[in-house]
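Chemist: sequence first, predicted coordinates after that:
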Amino acid sequence: MQLNKTHIEELMAKKTGKLKGAIYIPTNPQSGSQQLNQDQIRFKNALQVIRNDHAYDDRELGATLDKIYEELHENIEFWKHQDFGLAILFDAEGYEYFHLPFEVSEAEYLLDRYVVSPLLVTASADTSFYMLDVNFTNPRLYTATRGQFVELNNKNLPGSLSETIVRTDFRDHSPGSD
């Protein structure tokens, strides 16, 4: 899921009073079997820490934690596409996760509000950029962030190199080209 400042503000504004959890674990961007296994074990242990927390109420959060485990733990494709860190925020209504472009310390929180401080680094680093595909027959312009890659409208881009270079000093002046 894409993380931005607005999303973090929404998380911080959610009603307090009900239990909210946050799990932060370092993950490995390499998708070898040993790294996948380590990430899955770290994830499973973090869920167990939450279940053993004195504030944990199985009636309130049990179904959500079961769903998190079922949907993520054995999902090999999910674990193959990790970054350096993973954040999972959850409450009785459900959960969402964020791949983090930096390593985080392993931490589990169960409070009446979300702990989002590790996420602020990601949201504050606005790393949007543009990329131009210099293709002679079909040039394309993209806008991107760390988690999103979108092609921009290319109607205004030139369709060919000859449309772009119309100055005489760039035309072919080789012998026999007159």
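Modeler: Arrived safely, thanks for sending.
Chemist: touching the lengthiest helix in the chain from outside, list them.
Modeler: Criterion DSSP state H: the longest helix present in the chain is helix 33-52. Residues outside helix 33-52 that contact it (C-beta atoms under 8 Å, 6 or more residues apart in numbering) are 21, 23, 25-28, 56, 58, 61, 65, 68-69, 72-73, 76, 79-80, 82, 86, 106, 108, 110. Every residue, glycine included, has its C-beta placed from N, CA and C.
Chemist: out of the residues you listed, which end up buried?
Modeler: Listed as buried from the contacts of helix 33-52 are 21, 23, 25-28, 56, 61, 65, 68, 72, 79, 82, 86, 108, 110; burial here means 16 or more other C-beta atoms under 10 Å.
Chemist: pLDDT on stretch 63-82, on average?
Modeler: Stretch 63-82 shows a mean pLDDT of 92.
Chemist: among the buried ones among the contacts of helix 33-52, which are located in strands?
Modeler: Among the buried ones among the contacts of helix 33-52, the members falling in strands (DSSP state E) are Gly21, Ile23, Ile25, Pro26, Leu86, Glu108, Leu110.
Chemist: what is the residue positioned nearest the centre of the chain paired to in the beta sheet?
Modeler: Central residue of the chain (C-alpha atoms, centre = their mean): His99, 4.0 Å from the mean position. When bridges are called by DSSP bridges, His99 pairs up with Leu86.
Chemist: same question, Leu141
Modeler: Counting by DSSP bridges, Leu141 is bridged to Leu132.
Chemist: was I right about it contacting Val150?
Modeler: No: with contact defined as C-beta atoms under 8 Å, Leu141 does not count as touching Val150 (10.0 Å).
Chemist: what ranges does this structure have for its helices?
Modeler: For the chain, helices defined by DSSP H occupy the ranges 5-13, 33-52, 58-68, 76-80, 117-124, 161-164.
Chemist: what separates the first one from the chain centre, distance-wise?
Modeler: Meaning helix 5-13. Here helix 5-13 shows a centroid-to-chain-centroid distance of 16 Å under the convention C-alpha atoms, centre = their mean, to the nearest Å.
Chemist: give me the helices and strands touching that helix, please.
Modeler: If you count contacts as 3 or more C-beta pairs under 8 Å, 6 or more residues apart in numbering; DSSP states H and E, helix 5-13 packs onto helix 117-124.
Chemist: over to the third one?
Modeler: Here helix 58-68 is seen to pack against helix 33-52, strand 85-91, strand 94-100 when contacts are counted using 3+ C-beta pairs under 8 Å, 6+ apart.
Chemist: please identify the most buried of the ones you listed.
Modeler: Of the helices and strands packed on helix 58-68, the one with the most neighbours on average (mean count of other C-beta atoms under 10 Å) is strand 85-91, at a mean of 21.
Chemist: relative to helix 58-68, how tilted is the longest helix of the chain?
Modeler: Angle of helix 33-52 versus helix 58-68, following axes from the mean of the first three to the mean of the last three C-alpha atoms, to 10 degrees, is 170 degrees.
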